[in-house]
Every structure is written in structure tokens, then in C-alpha cells.
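>>> give me coordinates for this.
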Amino acid sequence: MSKFQIIDSHIHLFPKSHLETLSWHSQANPLGAQHSVSEYRQAISPQVRGFIFLETDRISSLSPSDWNHALDEVSFLTRIALGTPVPGEGHNPEDKHLCLGIVPWAPVPAGADAVAQYLDLVRERSGDAWKAVKGVRYLVQDKAAGTMVEDGFVDALRHLRRQGMTFDLGVDARSGGLGQLREAVEMMKRVNDEGDGVTIVINHMCKPNLRLDDVDVRSNPEFLEWKDLIEELARAPHTYMKLSGAFSELLPLGDEVDIAKIADCVRPWTDVVFDAFGAERVMFGSDWPVCNVGGGGNDVSWGRWKSVVEKVLEQRGLSEDEKRGVWGGVALRAYGIEI
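Numbers count the residues shown, from 1 in each chain. A predicted model of the protein is given here:
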């Protein structure tokens with residue numbers, strides 16, 4: 001068992017009353033129920049000091065008339081962070097110490113002025129919880145090719161840099177193709193061409209194709225290109241990687257799980273991540289509750305992923321300080337959180 005304090009760098013929360021505002025919600029979706037702090041507490045270990053919340057892909061658009069659902073999400077997180085719950089939302093006043101960081105949606109492709117306008121509204125909604133807002137995310141994994149290299153997108157990221165805020169990058173190498181990673185590399189070059197770039201926190205190891213079944217996956221052309229692109233992304237010094245999201249890319253786990261076997265399965269990819277970024281730029285994240293879908297459900301999935309990461313860190317031979325960083329210190333540094 002890990003003996004370190006854990007900062008969970010990637011979770012999602014949504015109350016039942018907000019389900020209809022989620023772009024992916026349907027009655028058949030396995031996540032189509034309340035997943036708030038009370039459910040999260042049931043999943044985690046006592047070592048968790050707190051979490052960083054990531055936006056949940058609300059129904060929205062780049063038009064200001066369509067920002068209300070995303071702003072309502074900010075209001076929900078504000079109530080968690082300030083310990084002022086609304087009955088039925090699944091959190092209590094004592095939960096506020098868990099909410100260490102908030103990363104809301106923002107209309108990044110609309111450009112710097114639109115992001116500035118939106119963040120002013122976030123500041124109004126969040127009030128005293130504004131200090132917990134550390135950055136923004138705009139999912140590009142399901143967007144049209146070219147989105148990341150448009151002038152508006154690049155200018156918005158430069159605006160975030162000036163504001164001292166981070167950007168969470170969500171791309172999908174398995175479902176969306178490696179072209180998304182190539183585009184992300186080009187985007188980072190453009191953002192960084194004026195000096196120090198924005199801090200970019202990459203989600204879920206870029207969702208690699210963990211279902212490749214080659215005897216030696218390290219010689220697979222798809223794996224080799226993914227490796228090259230990860231190394232390119234890591235060249236930007238203010239870029240970090242989240243060790244998270246693997247249960248969505250593996251085949252679903254059954255009741256009997258061999259943690260060592262899972263760690264061996266993901267090791268070619270995690271080795272690339274650690275070789276490219278170094279332990280000082282890799283952070284633990286659970287991707288809760290999404291991890292429940294492929295990981296076996298709320299009773300076991302969070303703990304399973306924690307055990308896999310423990311095995312991965314053991315295989316890497318990390319020092320105690322490096323392990324402490326992966327479990328929490330790196331996330332605190334990347335997002336500028338003091339506890």
C-alpha cells in the first residue's frame with residue numbers, strides 16, 4: 001500500500017439535478033446517475049488529501065448565449081469548495097477541504113477576448129472560491145481537425161499564460177487517431193514561439209491504444225509514432241502528463257484482476273511517459289468516475305488503478321521523493337496549489 005498522501009489530479013463531479021445538462025448523458029449511459037463527493041468518498045482510500053476537479057463536458061458552444069450550463073457547473077463546484085451545499089447535491093460542509101483545484105470549461109477556440117469574458121463570469125460565480133480556479137479545459141478529442149492550431153485557440157492559450165492559469169489538454173490517440181497528437185505538437189510550438197508557454201497538463205497519457213496485441217508492442221508502428229509524439233510534447237518545459245485514464249483504453253476488467261498483469265500491459269506506454277517527462281512532471285489521476293466503467297465499478301475501480309500505479313512506480317525503481325511527487329507533489333506544483 002502506498003504510504004504517501006494522495007492528490008487526485010483528475011476527477012469529475014455532477015449531481016443528479018444536472019444530468020440533463022451533460023452533453024453525453026443518456027438513460028443508457030452507465031454514468032447516468034449522480035456522481036458527487038459522497039460517491040467519490042465511497043471509492044477512495046484514506047490517503048487522499050484532496051482532488052482537482054475537471055469540467056464534465058456540459059452542453060455548450062462558443063457563443064456566450066450557450067455558456068449557462070458550464071457556469072452552473074462552476075456554481076456547483078463553488079458550493080463544494082465553500083462548504084455551502086444544496087440538499088440533494090451529494091456533498092457536505094466538511095467536504096470543502098477536499099476541493100483543492102477547479103478546472104472549468106472555457107471557450108478556448110473563440111479566442112483570448114472570449115476566454116477573458118468567460119473567466120470574468122467564472123470569477124463572479126465563484127466568489128471566494130475563485131482562488132481554487134487554477135486553469136481551464138476545452139476538450140479537443142472530439143473536435144474538428146485543425147481546431148488546436150487556429151489563431152483563436154493559440155491566442156487564448158497565450159492569454160491563459162499571462163493570467164498564470166493552466167490548460168488541460170484532452171486528446172484521444174486510440175479513438176481519434178494520432179493526428180490529434182501531431183496537431184497538439186504543432187499547437188505547442190506555436191504557443192511557445194514567444195518564449196515561456198502556458199502550463200499544459202495532458203490528460204490520460206493522450207489515451208493510447210492499449211489494446212494493441214502484438215507480441216512485442218514496442219515494435220508496433222502505431223506505438224512507435226505515439227512514442228515519438230509524446231517525446232515531442234514533453235519538449236515544452238511547462239508540460240505535464242497525467243498517469244490516468246487507462247481503464248477506458250483497456251478491455252473492460254472482470255471480477256478477477258491481476259494487478260501485476262495490468263501493470264505489465266501498460267508498462268511500454270508508462271515507460272515512454274516517464275522517460276520523456278521524468279518523474280518530476282508525471283502526476284497521479286484517477287479519472288473518477290469514468291474509471292468505473294472499464295475498471296469494475298465504484299467499489300473497486302479507484303483502488304485498482306491506485307494499485308496499478310503503485311506497481312508501475314515500483315517497476316520504475318523511483319526514489320521515495322519521486323514517488324511522493326507522482327502521488328501529489330507534481331500536481332500541486334503544476335496547478336500552483338498550496339496546502
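>>> list the buried residues for the helix or strand harbouring residue 158?
Assigning secondary structure by DSSP states H and E places residue 158 in helix 151-163. Within helix 151-163, the residues scored as buried using 16 or more other CB atoms under 10 Å are 152, 153, 154, 155, 156, 157, 158, 159, 160, 161. All C-beta spots, glycine's among them, are computed from the backbone N, C-alpha and C.
>>> which member of those is positioned nearest residue 74?
Ranked by distance to residue 74 (CB to CB), those are led by residue 160 at 16.4 Å.
>>> and the nearest residue to that closest one once chain neighbours are set aside, what pLDDT?
Excluding its sequence neighbours, the residue lying closest to residue 160 (CB to CB, 6 or more residues apart in numbering) is residue 198, at 4.9 Å. On pLDDT, residue 198 comes in at 93.
>>> dihedrals phi and psi, residue 198?
Backbone torsions of residue 198, given as degrees, to the nearest 10, read phi -70, psi 150.
>>> in this structure it contacts residue 161, no?
Yes - counting by CB atoms under 8 Å, residue 161 is a contact partner of residue 198 at 3.9 Å.
>>> shared neighbours, these two?
Common neighbours of residue 198 and residue 161, using CB atoms under 8 Å, 6 or more residues apart in numbering, are residue 191.
>>> three-state assignment of the residue of the chain most remote from its centre?
In the chain, the residue that sits farthest from the middle, by CA atoms, centre = their mean, is residue 215; the gap is 30.3 Å. Assigned with DSSP: H, G, I helix; E, B strand; the rest coil, residue 215 falls in the coil class.
>>> for it, give its distance to residue 61.
46 Å (CB to CB, to the nearest Å).
>>> low pLDDT regions in this protein?
1-2, 194-195 (pLDDT under 70).
>>> longest single helix anywhere in it?
What stands out as the longest helix in the chain, according to DSSP state H, is helix 259-277.
>>> who's in contact with the helix or strand following that one?
Proceeding N to C from helix 259-277, the next assigned helix or strand is strand 282-284, under DSSP H and E. Contacts with strand 282-284, where a contact means CB under 8 Å, 6+ apart, come from 6-9, 201, 240-244, 273-274, 306, 309, 325-328, 330-331, 334.
>>> just those residues: which are in helices?
Mapping the contacts of strand 282-284 onto helices (DSSP H) picks out 273, 274, 306, 309, 330, 331, 334.
>>> can you add distance to residue 92 and neighbour count and give those residues back as TSV?
Formatted as TSV, the ones in helices among the contacts of strand 282-284 follow (distance: CB to CB, whole Å; neighbours: other CB atoms under 10 Å):
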residue	distance to residue 92	neighbour count
273	36	25
274	38	21
306	24	22
309	28	25
330	29	27
331	24	28
334	28	24
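>>> mind listing what the nearest residue to residue 260 once chain neighbours are set aside touches?
Distances taken as CB to CB, 6+ apart put residue 311 closest to residue 260, at 6.0 Å, once the chain neighbours are dropped. By CB under 8 Å, 6+ apart, the contact set of residue 311 is 259, 260, 262, 263.
>>> which of these sits closest to residue 75?
When the contacts of residue 311 are compared against residue 75 (criterion: CB to CB), the nearest one is residue 262, at 38.0 Å.
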